[in-house]
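the following comprises the amino acid sequence and a computationally predicted model.
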Amino acid sequence: MSQAILPDLSDLLTGNDQHDVPVEILQQVIARCVTPLNETETLPLKQTLGRVLAQDVISPINVPSYDNSAMDGYAFIATDLLNKSTKLNVVGKAYAGHPYLNEVRSGECVRIMTGAAIPRGCDTVIAQELVSDATDTHISIAPSTVDAGDNRRLAGEDLRLGSVALRKGKRLSPADIGLLASLGIANIAVIRRPRVAFFSTGDELRSIGQALDEGCVYDSNRYTLHSMLVRAQCEPIDMGVVKDNPASLEKTLREACAQADVIITTGGVSAGDADYTRQMMARLGEVLFCKIAMRPGRPMAFGKIQCDGRTALLFGLPGNPVAVMATFYFLARDAIYELMGTKPHTQNLLKVASTHAIRKKPGRTEYQRAILSTDTSGTQHVTLTGAQGSGILSSMSEANCMVVLDHNQSDVAAGELVSVLAFDGFI
């Protein structure tokens with residue numbers, strides 16, 4: 001491919017060995033290579049969980065739309081509190097959806113329930129448990145039990161008419177959807193889902209339902225990837241298993257590029273005689289890396305390919321299943337979020353004591369599967385799941401976190417604090 005399809009990355013790559021790139025450098029490189037999607041679709045509110053807002057949402061109303069009571073009690077006029085002891089006549093009741101319609105005068109109060117509109121003339125609510133001598137006709141308020149304006153929720157206190165309720169690029173959470181519903185918004189414009197084509201490579205792979213011949217294994221990577229892509233709000237396109245054959249690989253890559261924004265392959269990026277993915281990527285586009293200073297996940301390729309006028313990001317992930325998950329979560333998924341015009345997933349790291357020593361070579365970032373637990377004293381500890389081979393997928397299922405050992409870190413002693421990424425909310 002003679003024409004460059006990647007941006008100038010010299011400022012990031014100068015001084016870095018392109019065959020042993022630090023994770024943080026590759027993350028920056030990938031982010032620079034992403035062009036956000038600009039295609040949108042309008043969906044019913046209930047179908048937008050996890051989707052990304054295509055534009056700012058401007059509040060069409062005040063929320064709440066009227067002054068209302070924050071609790072069950074009595075509404076009255078604050079100037080009546082000037083007396084040493086206040087006795088008020090109960091002139092009516094106000095419920096949510098059923099307001100008291102008359103104006104309240106000095107010396108009067110209205111029995112009011114949470115969410116009910118504050119009656120005209122009133123500006124303060126006292127909780128029902130703070131009044132004394134309460135009957136159906138009158139109440140007494142002792143001095144210093146309530147201040148002027150207490151327990152009154154003002155119109156527009158949550159959102160004001162014309163204010164920005166949610167910003168473009170926000171991934172919609174349940175709370176966001178509830179907020180939009182409170183504005184009376186039934187449909188909302190979101191960025192379309194990124195289309196991600198994926199396939200596994202290798203003559204030894206068999207799909208579920210096929211006979212497992214000697215020397216063969218079932219392909220788990222496509223099922224893992226499909227699940228991760230669905231959770232990331234992508235439109236997954238499963239291209240199946242591609243044999244170790246250059247012609248088959250080129251055909252599949254071209255078909256994937258014709259319909260996808262991103263292509264993810266697993267396997268075929270190491271230095272084996274039958275590993276063709278790197279070479280085919282170079283033929284159809286540009287390849288930047290072959291080895292990452294990362295464990296698991298060192299053999300990996302990243303770049304873009306171009307076929308028939310269409311361009312797609314391409315991640316050539318390793319073949320081992322844990323390495324697939326690690327490289328997806330720490331490298332590929334952020335690119336997908338960037339495509340949708342939203343911020344990458346925040347990695348909230350905890351500092352927790354390791355129950356045992358961990359061997360670590362400086363010069364690479366390591367992600368080790370572990371179990372985060374809390375002892376009877378409330379102290380958290382982290383314990384590795386055992387062997388950390390990148391083919392041991394069961395350990396990923398057993399783990400509830402990863403110990404993150406940074407690029408320059410060396411061996412960890414038992415009891416030493418380490419950085420821990422909990423899976424809850426991340427994976």
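In hand now; what should we look at? A quick note: this is a predicted structure, and the numbers were derived from the prediction, not measured.

pLDDT at the nearest residue to residue 84 once chain neighbours are set aside, what is it?
Distances taken as C-beta to C-beta, 6 or more residues apart in numbering place residue 143 nearest to residue 84, at 5.9 Å, with adjacent residues excluded. Backbone N, C-alpha and C define where each C-beta goes, glycine included. pLDDT, residue 143: 88.

and stretch 248-264, what's its mean pLDDT?
Rounded mean pLDDT across stretch 248-264 is 94.

can you give me the buried ones in that stretch?
For stretch 248-264, the neighbour count (16 or more other C-beta atoms under 10 Å) marks 249, 250, 252, 253, 255, 256, 257, 260, 261, 262, 263, 264 as buried.

okay but residue 72 is in contact with residue 112, surely?
Yes: using C-beta atoms under 8 Å, residue 72 and residue 112 qualify as a contacting pair, with a distance of 7.3 Å.

show me which of the two is the more surrounded one.
The residue with more neighbours, out of residue 72 and residue 112, is residue 112; 30 against 16, by other C-beta atoms under 10 Å.

look up how far residue 245 lies from the more buried one.
77 Å (C-beta to C-beta, to the nearest Å).

unless I'm mixing things up, residue 48 is touching residue 185, no?
No: using C-beta under 8 Å, residue 48 makes no contact with residue 185, being 10.3 Å away.

in contact with the closest residue to residue 229 other than its chain neighbours, which residues?
Spatial nearest neighbour of residue 229, chain neighbours left out: residue 236 (4.3 Å); criterion: C-beta to C-beta, 6+ apart. Contact partners of residue 236, counting by C-beta atoms under 8 Å, 6 or more residues apart in numbering, are 196, 198, 225, 226, 229, 230.

so which of those are in helices?
225, 226, 229, 230 (DSSP state H).

on that earlier part again, which one of residue 48 and residue 185 is surrounded by more residues?
Taking other C-beta under 10 Å, residue 48 and residue 185 do not tie; residue 48 has more neighbours (22 against 16).

for the more buried one, give me its contacts.
Contacts of residue 48 by C-beta under 8 Å, 6+ apart are 172, 177, 188, 190.

how long is stretch 240-247 end to end?
Terminal residues of stretch 240-247 are spaced 15 Å apart (C-alpha to C-alpha, to the nearest Å).

gap between it and the chain center?
Remark: stretch 240-247 is offset 34 Å from the chain centroid, using C-alpha atoms, centre = their mean, to the nearest Å.

what's it in contact with?
Contacts with stretch 240-247, where a contact means C-beta under 8 Å, 6+ apart, come from 199-203, 205-207, 219, 222, 248-249, 252, 265, 268, 274-276, 279-280.

equivalent analysis for stretch 251-264, please.
With C-beta under 8 Å, 6+ apart as the test, stretch 251-264 has contacts from 37, 194-199, 225, 234, 237, 239, 242, 280-281, 284, 305-308, 310-315, 317, 328, 332, 335-336, 339.

next one: residue 274, what pLDDT does it get?
So residue 274 comes in at 47 (pLDDT).

against residue 111, how distant is residue 167?
Distance from residue 167 to residue 111, by C-beta to C-beta: 42 Å.

with neighbour numbers in mind, choose between the two.
Taking other C-beta under 10 Å, residue 167 and residue 111 do not tie; residue 111 has more neighbours (20 against 10).

bridged to the more buried one, which residues?
Counting by DSSP bridges, residue 111 is bridged to residue 74, residue 93.

residue contacts, it?
Residue 111 touches 74, 90, 92, 93, 94, counting by C-beta under 8 Å, 6+ apart.
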